[in-house]
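1. Sequence and computational prediction follow.
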Amino acid sequence: MPPIIKVIIPAFNEAGSIAKVIGDVPKQVSEIIVVSNNSTDETETVAKKAGATVLSEEKRGYGYACLKGMDHIARQNPKPNIVVFLDGDYSDYPEELSKIVAPIIEENIDFVIGARVKELREDGSMTFPQKFGNWLATSLMRLFFNSKFTDLGPFRAIKYDKLLLLNMEDKTYGWTVEMQLKALKRNYSYKEIPVKYRNRIGVSKVSGTVKGAIFAGVKILSWIFKYSFKK
């Protein structure tokens, strides 16, 4: 029997891209959950027309949106085997989801990150703060936890039961690094799969602003140092 796969897509004002994202998600996915994170445009209407389950989370923050999607799944039966997180700005290639979940299905890996490797990235798709932040965070994880992560890529898949055990709590910019740190702490098996990455549609709410980049950097570093000294 094929695994049940659910996709959670946090979205803030992604009316121009969300239908493309939904349309490119492979048919093996049983439900696409778009969480509108206090959007003021037509994101919700467009996502519904494209066939997604649409939720609304008024508290602004990437983690808030992801947690809302998880709460929706927790109320369902049967539960999924795999949960995939994917951005709503069309910077990822949703059709590569099959590559992301393959190690979980075929090799029993717990957690898979889509790594935005340089050779597959479109010019300008990652800002300098993003590239530097990735390098710094993954270097510190390698130093403190002997990690092999090279990216904090948002396109990721994890076994649902393993996701629940992480007790995810970050509400904003630290969601991705929290997941990776907790997976390391719990000795989950993990793998990175190189994925393509393109310039997003619209303006980034994090890397597109100085304030966003600074807050994201501080949040990521605080999680790393918190876990470095945690027994």
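-> Structure received. The structure presented is a predicted model; accordingly, all values stated were derived computationally and were not measured.
2. mind checking the backbone torsions on R116?
-> The phi and psi values for R116, taken as degrees, to the nearest 10, are phi -80, psi 80.
3. Now it. Nearest residue, chain neighbours left out?
-> Y197 (4.2 Å; Cβ to Cβ, 6 or more residues apart in numbering). Heads up, the C-betas are built off the backbone N, CA and C, glycines and all.
4. ok, the one you found touching G124?
-> No - using Cβ atoms under 8 Å, Y197 is not in contact with G124, being 10.6 Å away.
5. and those two? which has more neighbours close in?
-> The residue with more neighbours, out of Y197 and G124, is Y197; 23 against 8, by other Cβ atoms under 10 Å.
6. Roughly how far does that one sit from K118?
-> 10 Å (Cβ to Cβ, to the nearest Å).
7. For the residue nearest to R116, list each beta-bridge partner.
-> R121 (DSSP bridges).
8. need the contact list for it.
-> 91-93, 116, 120-122, 125-126 (Cβ atoms under 8 Å, 6 or more residues apart in numbering).
9. hmm, which two among those are most spread apart?
-> Using Cβ to Cβ, the contacts of Y197 reach their maximum pairwise distance at Y93 and M126, which is 14.7 Å.
10. more crowded one of those two?
-> Neighbours per residue (other Cβ under 10 Å) separate Y93 from M126, with M126 holding more: 22 against 18.
11. Might one say that that one is in contact with V117?
-> No - M126 lies out of contact with V117 (Cβ under 8 Å); the separation is 10.9 Å.
12. residue ranges for the helices of the protein, please.
-> 18-24, 43-49, 62-74, 97-107, 128-145, 160-165, 175-185, 210-228 (DSSP state H).
13. pull the CA atoms of the first one into CSV?
-> In this case it means helix 18-24. Extracted in CSV, the C-alpha atoms of helix 18-24 (Å, rounded to 0.1, in the frame of the first residue of the first chain):
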residue,chain,number,x,y,z
ILE,A,18,0.3,29.5,-5.1
ALA,A,19,-1.7,28.0,-8.0
LYS,A,20,1.6,27.1,-9.8
VAL,A,21,3.0,25.5,-6.6
ILE,A,22,-0.2,23.5,-6.1
GLY,A,23,-0.4,22.5,-9.7
ASP,A,24,3.1,21.1,-9.8
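14. List of residues touching that helix?
-> Residues contacting helix 18-24 (Cβ under 8 Å, 6+ apart): 9, 11, 14, 32, 34, 43, 46-47, 49-52, 86-90, 92-95, 201.
15. switch to 6 Å and redo it
-> Applying Cβ atoms under 6 Å, 6 or more residues apart in numbering, the external contacts of helix 18-24 come out as 11, 32, 43, 46-47, 50, 52, 88, 90, 94-95.
16. can you check the shortest one too?
-> For helix 160-165, the external contacting residues (Cβ under 6 Å, 6+ apart) are 79-80, 83, 110.
17. What of the third one?
-> Defining contact as Cβ under 6 Å, 6+ apart, one finds that helix 62-74 is touched by 6, 8, 10, 33, 35, 37, 55, 57, 170-172, 175.
18. Quick one, which of those has the minimum pLDDT?
-> Minimum pLDDT across these is recorded for T172, with 87.
19. Can you tell me which of the contacts of helix 160-165 are buried?
-> Buried residues within those, counting neighbours by 16 or more other Cβ atoms under 10 Å: 80, 83, 110.
20. Surely the first one touches K6?
-> Looking back up the chat, that one is P80. Yes - here P80 reaches K6: they are 4.3 Å apart, a contact under Cβ atoms under 6 Å.
21. Neighbours of L181, how many?
-> If we define neighbours as other Cβ under 10 Å, then L181 has 25 of them.
22. And the pLDDT for the closest residue to it other than its chain neighbours?
-> Leaving aside its chain neighbours, L181 sits nearest to Y227 (4.6 Å; criterion: Cβ to Cβ, 6+ apart). If you check Y227, the pLDDT there is 71.
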